[in-house]
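> what would the 3D arrangement of this be:
(2 chains)
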Amino acid sequence: MKNILDIENVTMQFGGVVAVNNLSLTVNEGEIVSLIGPNGAGKTTVFNAVTGVYEPTNGRISFYGEKILENYPHGKMKKLYAGENRGMYTERMVKTPDRITKLGIARTFQNIRLFKSMTVMENVLLAMHVRRTSNYFTATFCLNAKEEAANRAKAEELLKAVGLYENRDDLATSLPYGKQRHLEIARALATQPTLLLLDEPAAGMNPQETEELTAFIRHIRDTFHMTIFLIEHHMNLVMDISDRIYVIDFGKLICSGTPDVVQADKRVIDAYLGVSEVD
Amino acid sequence: MKKNNTSKSRLSLYCNLGALLLAFILVLVIDATHNPTDMLVKVLQKVCVYAVVAVSMNLLNGFTGLFSLGQAGFMLLGAYTCAIFIIPDEVRGQVYGYIEGGSIVHVRLPLIVAILLGGLVAALFAFLIGLPVLKLKSDYLAIATLGFAEIVRTIVTWEKLGPVTNGSFPLSKLNTFRKALEGTPFEKFSLVTPYFLIAGICIAVIVLIIRSTYGRAFKAIRDDEIAAEAMGINLAHHKRLSFVTSSFFAGIGGALFAIFQASVSAAPFTSAMTYEILLIVVIGGIGSITGSVLGSFLFIASSEWWLRGLDSGKFLGISSPVFRNGFRLVVFSVIIMIFVLFFRKGIMGTKEFDVVKIGGFFKKLFTETVPGWLKKIKHKEAADQ
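Reported below is the predicted structural model:
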């Protein structure tokens, strides 16, 4: 299996707080990998570091074997740095989120972030902007009509695949909650990624909706040949679809492996339920 | 269903183009039958100028969500650039009479070229000023751009720039469309028509931008910057595009304003002018192009024309001692307050003017609402008997 995403020794420190501490993990092609952990463990911070929202304090992230992000403690952090591996990395390479998306990593958000004033169709079309071949002038004077038409056809196909075709002319925010989640995933798919990051896709969903979502994520992996890396709290969903699971607590990796391995691990249970005082 | 939808939108497109053509014919008729000094002509010319600037401001503030207040500054750049190149050679010495050595610019350009140049210079300055300023958000951007506009206004009156900008003296006796078209077959149509055409082209281009994939990107930035960036939109690049485009058209609006007045000085391009334009945008509806055009018409027509009577003693046939100088502004302020309190989304909101929809409204009025009333009245009569 080909290794797609490789996070090496990433540490993320805000002021004096180490949110992610020396985390290493890999995601292979075609896998569904989950990142779980109690609230505040630093899961979303990992996503934000991978997608370029934050620059990691120390460590390296590679995509398809090619380094995309690297940083070392410098400036103010030189003194403040409380993590490990000081001096291991010596280069600074940062990218803005839009460039990461262009490389083929798309994401959804924990709290839905659809474009409020746009219809479902426009939301998807907007995501195709990143793959445009037109420039400002050709787009303005409709010289890219062919591309625009092709994009529309592609968007319609995508909406059909995620079951939102009937709603294509509705305002994105007028959709019911579950469908908004689906639309967010569809929008991320429209950027033509190879790796999809889902940040708590089932947040706020009831068990039945969660079950539907589980099937939906599988469906996406199979039809779009997507690799999926997700953060989730619903254990049923995680254990059901994950090929591998990483568990972090207080920013540190405490366990990783297949769902069975993770479920049986004592450290994971301790992290979620606390350590009993009697022992 | 889909076919029905596209045919419907096509119908409304044709209807709206038809309405635009009608407006154009009306403008031609007005041109042919009116004198250059008629109030209607002056108002319509100014409406065209303000419409361009208001729509350009709407592109930036309404569609991209960048709250910029530099519009008057970019207008001034456009106006001066245009004016410098359209002073007729025979009066140039006279215009620059107070400047030692006179003007150093000896080029004279055709009106259209000078207008375009005005837009380009405004766009160039927007690009330069945008590099540092567009990193700011909301109010801070507004303050920075407002400051820029004031700085520009002061710099052009600097005496060292006298040989170019005529210092604090106005650049007057400018070439106008009327003079430029004199002796040609279009002479009759040289009052409102040129303004209407240029404004129409500018607004059409802005509409095309908004409907293109870039327009969608602008709207995405307005709705949610973080999500837009995560969807691969380069924020800095797109904000700069919007800012430069908006300033380009503001510059063209400024150039038109210079031609409209046939003279240009730095004095009118104050922050008050930006607020006037902002007011037009708000009254018309932030995020509605036709709203901005409608807003310009209502604003200019009422402030320059319809409410004039409030200042001169007789309004709507009523004379009163209250109607004297300055009362117009009082009434105007009250109207604005009413707008802000009760029509917060402006006349159009984010909708666009659509002939078909208005036709549908009237159709409904006459086929459903009015017969409904009649029925009710009849019922009542029957009940009374």
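> and chain B, which of its residues are near chain A?
B:5, B:205, B:208-209, B:212-214, B:216-217, B:219-220, B:222-224, B:226-235, B:241, B:287, B:350 (CB under 8 Å from any CB of the partner chain). C-beta coordinates here come from the backbone N, C-alpha and C atoms, glycine included.
> are any of the residues you listed buried, and which?
Buried by 16 or more other CB atoms under 10 Å in any protein chain shown: B:205, B:209, B:212-214, B:216-217, B:219-220, B:222-224, B:227-235, B:241, B:287, out of these.
> from those, which land in helices?
Residues of these located in helices (DSSP state H): B:205, B:209, B:213-214, B:216-217, B:219-220, B:222-223, B:227-230, B:235, B:241.
> closest one of those to residue A:2?
residue B:230 (24.8 Å; CB to CB).
> how close does the closest one sit to residue B:219?
From residue B:230 across to residue B:219, the span is 16 Å (CB to CB, to the nearest Å).
> next, the contact list for the spatially closest residue to residue B:88 that is not a sequence neighbour, please.
Excluding its sequence neighbours, the residue lying closest to residue B:88 (CB to CB, 6 or more residues apart in numbering or on different chains) is residue B:175, at 5.9 Å. Applying CB atoms under 8 Å, 6 or more residues apart in numbering or on different chains, we find residue B:175 in contact with B:86-88, B:111, B:259.
> just put those in JSON lines and tack on secondary structure, neighbour count and pLDDT.
Formatted as JSON lines, those follow (DSSP: H, G, I helix; E, B strand; the rest coil; neighbours: other CB atoms under 10 Å in any protein chain shown; pLDDT from 0 to 100):
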{"residue": "B:86", "secondary structure": "coil", "neighbour count": "28", "pLDDT": "89"}
{"residue": "B:87", "secondary structure": "coil", "neighbour count": "23", "pLDDT": "88"}
{"residue": "B:88", "secondary structure": "coil", "neighbour count": "13", "pLDDT": "86"}
{"residue": "B:111", "secondary structure": "helix", "neighbour count": "22", "pLDDT": "89"}
{"residue": "B:259", "secondary structure": "helix", "neighbour count": "29", "pLDDT": "93"}
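> so which residues of the chain form strands?
Using chain A. For chain A, the strands defined by DSSP state E cover A:3-14, A:17-28, A:32-36, A:58-63, A:66-71, A:105-107, A:195-199, A:227-231, A:244-249, A:252-257.
> um, chain B though
Secondary structure of chain B (DSSP E): strands at B:314-315, B:318-319.
> so chain A: which segments form each domain?
Taking automatic domain parsing as the reference, chain A has its domains at A:1-104+A:193-279, A:115-192.
> out of those domains, the one nearest residue B:119 is which?
Between these, domain A:115-192 lies closest to residue B:119; by CB to CB that is 15.0 Å.
> re earlier: export the strands of chain B to TSV and tack on mean neighbour count and distance to residue B:41?
Converted to TSV, the strands of chain B look like this (neighbours: other CB atoms under 10 Å in any protein chain shown; distance: least, CB to CB, whole Å):
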stretch	mean neighbour count	distance to residue B:41
strand B:314-315	16	22
strand B:318-319	10	27
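> list the contacts of whichever residue of the stretch 251-385 of chain B sits closest to chain A.
Going by CB to the nearest CB, chain A is nearest to residue B:350 of the stretch 251-385 of chain B, at 7.0 Å. Contact analysis of residue B:350 by CB under 8 Å, 6+ apart lists A:117, B:285-288.
> where does chain A come near chain B, residue by residue?
Residues of chain A lying near chain B by CB under 8 Å from any CB: A:51, A:53, A:96-99, A:101-102, A:106-107, A:109, A:113-118, A:122, A:125-132, A:134, A:136, A:139-142, A:144, A:148, A:151, A:169, A:187-188, A:191.
> make it 6 Å
Selection of chain A residues close to chain B by CB under 6 Å from any CB of the partner chain yields A:97-98, A:101-102, A:107, A:113, A:115-117, A:122, A:126-127, A:129-130, A:132, A:136, A:139-140, A:191.
> looking at those residues, which are in helices?
Judged by DSSP H, these include A:97-98, A:101-102, A:122, A:126-127, A:136, A:139-140 as members of helices.
> now render those as a markdown table, adding pLDDT and neighbour count.
Converted to a markdown table, those look like this (pLDDT from 0 to 100; neighbours: other CB atoms under 10 Å in any protein chain shown):
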| residue | pLDDT | neighbour count |
| --- | --- | --- |
| A:97 | 92 | 23 |
| A:98 | 92 | 22 |
| A:101 | 93 | 26 |
| A:102 | 93 | 17 |
| A:122 | 93 | 19 |
| A:126 | 93 | 26 |
| A:127 | 93 | 31 |
| A:136 | 89 | 16 |
| A:139 | 87 | 24 |
| A:140 | 86 | 22 |
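> thinking again about what came up before, so which pair among the ones in helices among the buried ones among the residues of chain B next to chain A is furthest apart in space?
With CB to CB as the measure, no two of these lie farther apart than B:205 and B:230, at 29.9 Å.
> residue of chain B nearest chain A, please.
Here chain B gets closest to chain A at one residue, residue B:232, 2.9 Å apart by CB to the nearest CB.
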